[in-house]
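Colleague: kindly generate the corresponding structure for this input.
(one chain, ligands or ions: 2)
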Amino acid sequence: MAPKVTKICCIGAGYVGGPTCAVIAVKCPHIKVTIVDLNADRIAAWNSPDFAVPIYEPGLVDVVRKARGRNLFFSTDVDGAIEEADLIFVSVNTPTKKSGVGAGSAADLNYVELATRRIANVANSSKIVVEKSTVPCRTAESMRTILEANSKPNCRFDILSNPEFLAEGTAINDLFSPDRVLIGSLQTPEGKAASDALVEVYANWVPTKQILTVGLWSSELSKLAANAMLAQRISSINALSAICEATGANIDEVSHAIGYDSRVGPKFLKASVGFGGSCFQKDILNLVYLSESLHLPEVAAYWRQVVEMNEYQKRRFSKRVVDTLFNTITGKKIAVLGFAFKADTGDTRESAAITLIKDFQSERALVNIYDPQVAHSQIWADLQEASPQASLDSIKKQVTICGSALEACKDAEAVVIATEWKEFLDIDWEEAYKHMNKPAFVFDGRLLVDADKLRKIGFKVTTIGRA
Ligand SMILES: NC(=O)c1ccc[n+]([C@@H]2O[C@H](COP(=O)([O-])OP(=O)(O)OC[C@H]3O[C@@H](n4cnc5c(N)ncnc54)[C@H](O)[C@@H]3O)[C@@H](O)[C@H]2O)c1
Ligand SMILES: O=c1ccn([C@@H]2O[C@H](COP(=O)(O)OP(=O)(O)O[C@H]3O[C@H](CO)[C@@H](O)[C@H](O)[C@H]3O)[C@@H](O)[C@H]2O)c(=O)[nH]1
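Modeller: Numbering: from 1, shown residues only. Ligands and ions are numbered 1, 2, ... in the order given. Prediction:
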């Protein structure tokens, strides 16, 4: 029989742990959910009296408001929450390794291992441990070995894989109405009983036909594969955008025509300045590393090309800006609109804007940045990380963060749209044009603005995927 889940602990109060477990708390008022993190500032923000939660995500505050203090708690008491829980989500970060074996492609599993060891050391009763983080195939086996080697007598641990598919910016809707929930378990009676217990939690709001139960390794691999295939679509359409620019075909028309085939479908075919975010590149590189470790070099090369095409797309875009501005942007002011990796998030991890700005800096341009959500401190931290050899003072001589799009455009030679924020559609472009140096250029990296309308004002407009 499936054990009954009454208390959940989530280790990691980040972009995934926070929203995912807040939604579980709202949908399962009979379950006590405690989200813990070692980062005291993050927990303080989740607990702030005015609901100034640490991540920007539409609809998230309403969810937290409904359940916080009722059956949803945020705490730094990791041990206490582990001890009382019957099910524990491990939702910690799994970034790409920066040094050592597999540097640059393998996942850094240090945080997962530390969380697993903590569970083993603290637990005095049996637990279901759920991998929520995105991990390489067969990580559950390492977790089981660690747990079993360190557990107290009479404690058994069942490990499940339950990868998360939410996308930032639409996380709450994705969690309320997921396309599917994936649960992987060992195909033993105990493994299946643990899986049933988690199915019962999700069944409080997700139709059971959308809850897929599979083997552990399939579940772990499906998460990497899903991201790789989504990113592959973007790299494919971006590769085609280069052909469009050289031939006079229009990438929007091409995507529309391709996506009309029901076998292909219309989503994720929007050409852009390149995909960003904390997941796509990391998870594909993880798949590349896995393929190499399995002595499958052709498979590894196939997936690596998706990331290489993305790098090419970003480089190509920066070069087009320089080429169009008469082969030099030295001393010229460029307004970069958008710094987040996509609209409706304040997350900047792997944002294409960072690469573009670094390229503009190395051409000795002056850069004005405006983003409606990203904290200024985050922008400075990202630019500093992108150019570790430069001091923050020297970066600040070249870069200014502005309070509005119009302010960023003032005295600029060119506007670069790096993120598809809706508010950029409502910019008073006549006003922007008035205060820019002439000729005034717009580079639309997101196929966002009406190029013809801007041309009528006087702008010279360059759009991804158009000649
Ligand atoms: N961001 C997304 O949209 C998304 C979507 C699906 C899956 N994922 C995956 O989910 C995982 C988490 O991603 P994220 O974006 O939420 O990361 P994040 O960096 O926002 O959050 C992770 C949190 O875990 C905390 N942490 C690390 N080790 C800990 C420990 N031992 N004890 C307690 N807390 C600890 C960190 O302090 C941090 O706050 C990653 O594996 C990621 O690939 C992310
Ligand atoms: O047609 C498209 C769609 C997206 N993008 C870009 O691709 C990146 C990623 O976008 P998106 O997938 O919407 O956001 P993420 O939050 O990174 O979500 C992805 O990564 C998550 C973490 O693993 C998964 O859970 C999600 O299912 C998966 O969509 C962003 O830079 C987008 O601007 C495009 O350029 N063109």
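Colleague: for this structure, which helix is longest?
Modeller: helix 216-247 (DSSP state H).
Colleague: which other helices and strands does it contact?
Modeller: Contact analysis of helix 216-247 by 3 or more Cβ pairs under 8 Å, 6 or more residues apart in numbering; DSSP states H and E lists helix 139-150, strand 157-161, strand 181-185, helix 251-259, helix 280-293, helix 297-324 as its packing neighbours. No exception for glycine: its C-beta is placed from N, CA and C like everyone else's.
Colleague: now the angle from it to strand 181-185?
Modeller: Following axes from the mean of the first three to the mean of the last three Cα atoms, to 10 degrees, one obtains 140 degrees for the angle between helix 216-247 and strand 181-185.
Colleague: so is helix 216-247 next to ligand 2?
Modeller: Yes - between helix 216-247 and ligand 2, judged by Cβ under 6 Å from any ligand atom, the touching residues are 227, 230, 234.
Colleague: does ligand 1 sit close to that helix?
Modeller: No - using Cβ under 6 Å from any ligand atom, helix 216-247 never reaches ligand 1; the gap is at least 7.4 Å.
Colleague: and the helices and strands packed on helix 216-247: which comes nearest residue 103?
Modeller: Distance to residue 103, taken as Cβ to Cβ, is lowest for helix 280-293 among the helices and strands packed on helix 216-247, at 10.1 Å.
Colleague: avg pLDDT for the closest one?
Modeller: Per-residue confidence for helix 280-293 averages out to 96 on the pLDDT scale.
Colleague: just the buried residues of the residues of helix 216-247 next to ligand 2.
Modeller: By the neighbour-count criterion of 16 or more other Cβ atoms under 10 Å, these include these buried positions: 227, 230, 234.
Colleague: and the gap between the residue of the chain most remote from its centre and ligand 1?
Modeller: Going by Cα atoms, centre = their mean, the residue of the chain most distant from its centre is residue 153, 39.8 Å out. Look at residue 153 and ligand 1: by Cβ to the nearest ligand atom, to the nearest Å, they are 25 Å apart.
Colleague: from now on call the first residue 9
Modeller: Happy to do that; since the first residue is 9 now, the last one works out to residue 161.
Colleague: secondary structure class for that residue?
Modeller: coil (DSSP: H, G, I helix; E, B strand; the rest coil).
Colleague: please tell me how far it sits from residue 31.
Modeller: Counting by Cβ to Cβ, to the nearest Å, the separation of residue 161 from residue 31 is 36 Å.
Colleague: ok, now residue 182?
Modeller: In this structure, residue 182 and residue 31 are 9 Å apart, going by Cβ to Cβ.
Colleague: so those two - more neighbours on which side?
Modeller: Applying other Cβ atoms under 10 Å to residue 182 and residue 31 shows that residue 31 carries more neighbours, namely 26 against 18.
Colleague: spatially nearest residue to that one (excluding sequence neighbours)?
Modeller: Beyond its immediate neighbours in the sequence, the residue positioned closest to residue 31 (Cβ to Cβ, 6 or more residues apart in numbering) is residue 183, lying 4.2 Å away.
Colleague: same deal with residue 277?
Modeller: residue 263 (4.1 Å).
Colleague: distance between the ends of stretch 451-462?
Modeller: Counting by Cα to Cα, to the nearest Å, the length from the leading to the trailing residue of stretch 451-462 is 11 Å.
Colleague: which positions within that stretch qualify as buried?
Modeller: The neighbour-count check on stretch 451-462 (16+ other Cβ under 10 Å) flags 451, 452, 453, 454, 455, 456, 457, 459, 462 as buried.
Colleague: about what we covered before: any chance of the buried ones among the residues of helix 224-255 next to ligand 2 in JSON lines, with pLDDT and distance to residue 194 too?
Modeller: What follows is these, written out as JSON lines (pLDDT from 0 to 100; distance: Cβ to Cβ, whole Å):
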{"residue": "235", "pLDDT": "98", "distance to residue 194": "24"}
{"residue": "238", "pLDDT": "98", "distance to residue 194": "28"}
{"residue": "242", "pLDDT": "98", "distance to residue 194": "35"}
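Colleague: now the element after the strand or helix carrying residue 27, going C-ward?
Modeller: Using DSSP states H and E, residue 27 sits within helix 25-35. Where DSSP H and E defines the elements, the next helix or strand beyond helix 25-35 is strand 40-44.
Colleague: can you name the next helix or strand after that following strand?
Modeller: Scanning onward from strand 40-44 (DSSP H and E), the first element met is helix 48-54.
Colleague: helices or strands up against that next one?
Modeller: Applying 3+ Cβ pairs under 8 Å, 6+ apart, one finds that helix 48-54 makes contact with strand 80-83.
Colleague: about what we covered before: the residue nearest to residue 31 and residue 203: what is the separation?
Modeller: Relative to residue 203, and taking Cβ to Cβ, residue 183 is found at 20 Å.
Colleague: next, count neighbours for the residue lying closest to residue 475 once chain neighbours are set aside.
Modeller: Once flanking residues are discounted, residue 475 sits nearest to residue 256: 4.6 Å by Cβ to Cβ, 6+ apart. Residues within reach of residue 256, counting by other Cβ under 10 Å, total 8.
Colleague: what does the one 3 residues further on give?
Modeller: Using other Cβ under 10 Å, residue 259 has 24 neighbouring residues.
Colleague: from what I see, it and residue 452 are in contact.
Modeller: No - with contacts defined as Cβ atoms under 8 Å, residue 259 does not count as touching residue 452, sitting 11.5 Å away.
Colleague: what residues are shared contacts of these two?
Modeller: When contacts are counted by Cβ atoms under 8 Å, 6 or more residues apart in numbering, residue 259 and residue 452 have residue 472 as shared neighbours.
Colleague: so what's residue 278 up against?
Modeller: Contacts of residue 278 by Cβ under 8 Å, 6+ apart are 242, 245, 263, 455.
Colleague: helix, strand or coil for it?
Modeller: Reduced to three states with three-state DSSP, the structure at residue 278 is coil.
Colleague: which ones are touching residue 166?
Modeller: When contacts are counted by Cβ under 8 Å, 6+ apart, residue 166 is found next to 134, 135, 136, 137, 193, 194, 198, 199, 201, 202.
Colleague: which ones are touching the third one?
Modeller: Read that as residue 136. Counting by Cβ under 8 Å, 6+ apart, the residues that residue 136 touches are 11, 13, 94, 95, 96, 165, 166, 167, 168, 202, 205, 206.
Colleague: relative to residue 53, how far out is it?
Modeller: For residue 136, the distance to residue 53 equals 29 Å [Cβ to Cβ].
Colleague: near ligand 1, anything from stretch 75-93?
Modeller: Yes - with Cβ under 6 Å from any ligand atom as the criterion, ligand 1 is reached by stretch 75-93 at residue 86.
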